[in-house]
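> No sequence on hand, only this structure:
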């Protein structure tokens, strides 16, 4: 009864307060405040704690959103809509459903940890400001229900990420930053062209005013099958670069290797999910027939990326590059689940976005701790760390097992559900993709054995264990990794209604491919809920 009353109280708050708008504006305001501190000559310590404070407020708002979210409602909730450029059909429109809910929550968890993680000693105010601006862009992308607004946020994340790499990265940071920026900017050009073409084709074929409203465009489907296919290709290329999907992946290893630890934590944990989320929300949802027709191509590229990433990870000599290619391989699982076009595959893909973000962020935070002590992440230069750092070894083991997909940890839940959904609709792609899991066990266990086992070298004997501060930073990730592995039901309860509503709608791509384990949901076609209401 207490929990019901608490949830009701939060829901009432959501009706009176534009919760989703605040989730975007609070970190953006924090970036502005911290940026102004440079003019006011504020100390770096005060600026950093101010940034952490703004980020934690965002975390609290994300937690309130989780509590108030109605898990029985498949529609967009807490919709916030205001006119922006009405003459062009552009509005400030935000909404959240089961697909975007946990990605917002993931952002709320990882950004404060990134700010509290490895310290920087120069240009601290700019560093904190760019991270907060990146957080605002990511959350805004996950919540946008206007295609133009989504494009603005989708593009906005490029600028702070570029400066984080170029100013606080490692030896080849300038090269990595430029490569990242050019690749993702080129992908965004396809998104812009596809968006404008979709909007004007729809307006022409319906004799209505131009609108960028996602819900309206999804319901109208006012384009021919040929037009839909080309539009889907434009959207798919943009999101494939951001994920990235093989062979558009070459920016990822360099970016992860040369980024500062905080940058790579939020990039691998959150930013690349803009691509996987975009494929679901805008690619498949807007062009279901084209997605169904081209699913074999995307499934093939996903499997190639999974196996290729795993094989290349197995031969890496640097832990950061190993984790980068491991991340590439496991992102392929999300694409596999998406184009299985089954509700189990989609539910697993959404869950795996969150699980991948938690596990990969935890690995990179641990690598940052290793680098801060030894100034290297080269496997050949590290040996026997388990003797001098047993707590770190234990945490690393747990996170490593979650990446491999050991039952009882979060990685298993998403990957198993994805393989189940894919096996029932596209059997041979699931079989081929499962091979990547076997290779992942090989390279992760081998790397762990070489770094943590054996007799420590001279420098490794002085390797310090995790400090109290580092343990507190890792604690939320460890708790979530275990909790989501043991009890994922609350997550799937909120994901599945929205997934079912999209895939089982008359225009959905899963016609004749219903692999649900329960009855189909009843209710009207996709719509939005009035502002602030979870009902």
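All right, it came through fine. From a predicted model like this one, the values you see are computed outputs, not experimental measurements. Residues are numbered from 1 along each chain as shown.
> So what does the residue nearest to the spatial centre of the chain look like in phi/psi?
Centroid-nearest residue in the chain, with C-alpha atoms, centre = their mean: residue 273, separated by 2.9 Å. When read as degrees, to the nearest 10, the backbone of residue 273 gives phi -70, psi -10.
> Spatially nearest residue to it (excluding sequence neighbours)?
residue 353 (5.0 Å; C-beta to C-beta, 6 or more residues apart in numbering). Every residue, glycine included, has its C-beta placed from N, CA and C.
> Run a quick neighbour tally on that neighbour.
Neighbouring residues of residue 353 were enumerated by other C-beta atoms under 10 Å; the total is 26.
> Against residue 399, how distant is it?
Per C-beta to C-beta, to the nearest Å, residue 353 is found 17 Å from residue 399.
> re earlier: who's in contact with the residue nearest to the centre of the chain?
Taking C-beta atoms under 8 Å, 6 or more residues apart in numbering, we find residue 273 in contact with 103, 106, 353, 357.
> ok, 10 Å please
103, 106-107, 138, 141-142, 242-243, 331, 334, 350, 353-354, 356-357 (C-beta atoms under 10 Å, 6 or more residues apart in numbering).
> Residue 433 too?
Going by C-beta under 10 Å, 6+ apart, the list of residues near residue 433 reads 299, 302-307, 329, 332-333, 335-337, 415, 418-419, 422-423, 426.
> the helices in the stretch 101-250 of the chain, which residues?
For the stretch 101-250 of the chain, the helices defined by DSSP state H, counting those that start in this stretch occupy 124-143, 147-156, 158-168, 173-206, 214-220, 225-242.
> Could you give the average pLDDT over the helix or strand where residue 60 lies?
Here residue 60 sits within helix 44-68, counting by DSSP states H and E. Helix 44-68 shows a mean pLDDT of 93.
> elements contacting it?
helix 2-16, helix 19-36, strand 77-85, helix 98-116, helix 124-143 (3 or more C-beta pairs under 10 Å, 6 or more residues apart in numbering; DSSP states H and E).
> ok, now with 7 Å
helix 2-16, helix 19-36, helix 98-116, helix 124-143 (3 or more C-beta pairs under 7 Å, 6 or more residues apart in numbering; DSSP states H and E).
> how far out from the middle of the chain is the host helix or strand of the residue nearest to residue 273?
According to DSSP H and E, residue 353 maps onto helix 343-374. Centroid separation for helix 343-374 versus its chain: 10 Å, with C-alpha atoms, centre = their mean, to the nearest Å.
> List the buried residues for whichever helix or strand comes after it?
Reading on from helix 343-374 to the C-terminus, the next helix or strand found by DSSP H and E is helix 385-388. Buried residues in helix 385-388, counted by 16 or more other C-beta atoms under 10 Å: 385, 386, 387, 388.
> now do stretch 151-171
For stretch 151-171, the neighbour count (16+ other C-beta under 10 Å) marks 151-158, 160-169 as buried.
> What of stretch 430-440?
430, 432, 433, 434, 436, 437, 439, 440.
> now the residue lying closest to residue 37 once chain neighbours are set aside: how far from residue 54?
Of all residues not flanking residue 37 in the chain, residue 47 sits nearest, at 4.7 Å (C-beta to C-beta, 6+ apart). As judged by C-beta to C-beta, residue 47 and residue 54 stand 11 Å apart.
> Which one's more surrounded, these two?
Taking other C-beta under 10 Å, residue 47 and residue 54 do not tie; residue 54 has more neighbours (26 against 23).
> correct me, but that one touches residue 32?
No. Counting by C-beta atoms under 7 Å, residue 54 does not reach residue 32; the two are 9.8 Å apart.
> from the contacts of residue 433, which would you call buried?
Counted by 16+ other C-beta under 10 Å, the contacts of residue 433 give 299, 302-307, 329, 332-333, 335-337, 415, 418-419, 422-423, 426 as buried.
> Out of those, which sit inside helices?
Of these, the ones assigned to helices by DSSP state H are 299, 302-307, 329, 332-333, 335-337, 415, 418-419, 422-423.
> and stretch 241-257, which residues are buried?
241-246, 248-249, 251-257.
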